[in-house]
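Colleague: give me a model of this one.
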Amino acid sequence: MNNNLIKQADPKQAVIGVLIFLFPFLSLVTPFGIGLASFSLLIAALFFLKPGFAALRTHWTAIRWVVLLFGFNFLYTAACLVLRDQSIGDLEKPARMLFALSALMLVLAAKPDRKALWWGVIGGAFLGMLLVGYQRLVLGEERPGGLLNAITFGDIALSLGLIALAAMVDVRSVRKVFWPAIGALAGLAASTMTGTRGGWLGLVLCGLLFIQHSHVLNNRRVRAVVAFTFAFMAAMYFIPETGVKERVRQGVLDISSYFSGGSAFTNVGVRLELWKAAGILIEDAALLGRGEDGYREVLEPLVRKGELDPVVLEMPHFHNEAVQAMVTGGVIGLVAWFGMILAPFVFFTRAMSVRNASRQEFATALAGILLVTSYFGYGLTEVIFWSVKGAMFYALMVFLLMGFYLNAKEANHKPGPV
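Modeller: Next comes the predicted model:
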């Protein structure tokens with residue numbers, strides 16, 4: 001990686017590179033960073049509409065399912081506004097996630113340096129670690145989350161760490177590999193200090209991916225840092241001051257207590273009671289669901305009868321992405337959510353299987369598949385898409401990484417010297 005933040009001959013490319021850098025760099029340490037990035041990239045794309053649409057047409061075969069399924073999520077939500085008495089505000093997230101396509105158009109049309117994204121990820125992870133480290137170690141907060149919800153902060157921090165890990169493939173010298181390694185460790189440390197347990201599920205799934213695509217470890221430096229990273233996470237479990245082991249132990253106790261007839265008002269017990277309630281709701285409205293608020297009318301009488309704990313009425317969502325999609329949108333809603341996970345996963349998986357791929361292609365594809373896999377893992381115990389910031393981080397990063405991968409592929413297969 002070049003030590004210069006942005007090294008572009010074209011001023012337009014330099015400006016776009018700065019916007020891309022600021023997206024991950026500000027995502028954890030400001031309440032507005034992700035929103036500002038989404039609007040900035042959208043506005044910038046307006047200046048590249050003609051070449052942007054031309055680039056989309058050129059790559060349509062490769063990207064069509066990702067674009068169509070993000071579009072389907074938007075259209076189904078819009079249809080639900082007609083079918084049910086829902087707030088127009090429910091359309092904000094799916095609309096903004098679809099408009100994140102502008103980031104893909106911008107990268108394909110302007111071809112900014114992908115190092116802007118790598119440096120933004122590294123810097124964002126490091127600043128995030130400093131922020132929650134200060135809150136945890138100096139202020140004594142048990143569940144620090146910067147200026148975000150602790151779970152959202154921890155999940156995004158872990159995603160930044162994993163993307164930085166993938167960026168290590170895109171470097172050659174020992175000296176330069178140091179920086180993405182620092183970013184990877186910083187993201188993992190920041191996530192650990194938030195006390196977010198759900199992120200560990202995403203990390204486990206990503207670990208399985210590293211095993212499946214073990215050829216990424218052929219580089220001795222990368223293999224050493226990956227091994228150190230997972231050893232670092234294991235160490236966090238056994239160091240009492242991190243609180244990780246205690247939270248795992250508490251989770252086991254919560255499960256035991258719940259199934260023994262104890263209180264549902266624990267971190268894990270709440271989730272189990274919510275999933276029990278969701279089973280009742282899904283059975284009654286399996287096709288179209290009940291919308292974001294309609295299900296409460298069904299839960300209230302069940303709570304009064306004592307069939308469900310009152311805690312189910314106090315939670316804003318069901319702490320599982322698939323369950324949330326089924327309750328609010330039915331089977332069609334589940335397809336809409338899962339499509340936004342599956343389509344990018346297939347895109348990046350195919351990209352990683354291409355023979356004679358350059359390290360630039362492999363790094364961006366690996367970053368993409370780690371992002372999608374980690375988000376799926378988060379969704380097992382949390383609704384990360386409930387947060388506009390969590391949803392927009394995912395959509396913007398998916399489209400940016402797709403764009404940088406396609407640019408790298410085009411450059412690698414271009415005739416003549418590269």
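Colleague: how about low-confidence regions in the chain?
Modeller: 1-9, 213-226, 228-229, 233, 236-237, 239-267, 414-418 (pLDDT under 70).
Colleague: ok, now with 50
Modeller: For the chain, residues meeting the criterion pLDDT under 50 lie at 5-8, 415-418.
Colleague: what residue in it is the furthest from its centre?
Modeller: K305 (39.0 Å; C-alpha atoms, centre = their mean).
Colleague: for that residue, give me phi and psi.
Modeller: phi -80, psi -10 (degrees, to the nearest 10).
Colleague: state the distance from it to L274.
Modeller: As judged by C-beta to C-beta, to the nearest Å, K305 and L274 stand 17 Å apart. Where you see a C-beta, it was placed from the backbone N, CA and C, and this is true even at glycine.
Colleague: quick one, what contacts A278?
Modeller: 318, 320, 323, 326-327 (C-beta atoms under 8 Å, 6 or more residues apart in numbering).
Colleague: that one sits in which helix or strand?
Modeller: helix 267-284 (DSSP states H and E).
Colleague: pull out the buried residues from that helix.
Modeller: Residues of helix 267-284 classed as buried: 268-274, 277-278, 281-282 (neighbour count, 16 or more other C-beta atoms under 10 Å).
Colleague: check which residues of the following helix or strand past it are buried.
Modeller: Remark: after helix 267-284, the chain's next helix or strand is helix 291-294, criterion DSSP H and E. Neighbour-count burial for helix 291-294 flags 291-292, 294 (criterion: 16+ other C-beta under 10 Å).
Colleague: ok, residues contacting helix 291-294?
Modeller: 80, 84, 86-87, 90, 328.
Colleague: can we see that at 6 Å?
Modeller: Outside helix 291-294, the residues that touch it by C-beta atoms under 6 Å, 6 or more residues apart in numbering are 84, 86, 90, 328.
Colleague: can you check stretch 337-352 too?
Modeller: So stretch 337-352 is contacted by 65-66, 69-70, 73, 213, 325, 365, 368-369, 372, 376, 398, 405 (C-beta under 6 Å, 6+ apart).
Colleague: swap in stretch 390-402?
Modeller: 27, 34, 38, 93, 96-97, 100-101, 103-104, 152, 156, 344, 364, 367-368, 371, 375, 384-385.
Colleague: swap the cut-off to 7 Å and go again
Modeller: Stretch 390-402 is contacted from outside by 20, 23, 27, 34-35, 37-38, 63, 66, 93, 96-97, 100-101, 103-104, 107, 117, 152, 155-156, 344, 347, 364, 367-368, 371, 375, 384-385, using C-beta atoms under 7 Å, 6 or more residues apart in numbering.
Colleague: over to stretch 315-322?
Modeller: Counting by C-beta under 7 Å, 6+ apart, 270-271, 274-275, 278, 324, 327, 334, 337, 379-386 sit against stretch 315-322.
Colleague: that one: end-to-end distance?
Modeller: 16 Å (C-alpha to C-alpha, to the nearest Å).
Colleague: buried ones in it, by neighbour count?
Modeller: For stretch 315-322, burial by neighbour count (16+ other C-beta under 10 Å) applies to 317-322.
Colleague: let me know the closest of these to N356.
Modeller: E321 (36.2 Å; C-beta to C-beta).
Colleague: max pairwise distance over the buried residues of stretch 315-322: which two?
Modeller: Most distant of the buried residues of stretch 315-322, by C-beta to C-beta, are H317 and A322, 12.1 Å apart.
Colleague: which residue is the nearest non-sequential neighbour of G333?
Modeller: A325 (4.5 Å; C-beta to C-beta, 6 or more residues apart in numbering).
Colleague: which residues are in contact with the one you found?
Modeller: 333-334, 337.
Colleague: out of the contacts of stretch 337-352, which one sits closest to A55?
Modeller: The closest of those, once distances to A55 are taken by C-beta to C-beta, is Y405, at 13.2 Å.
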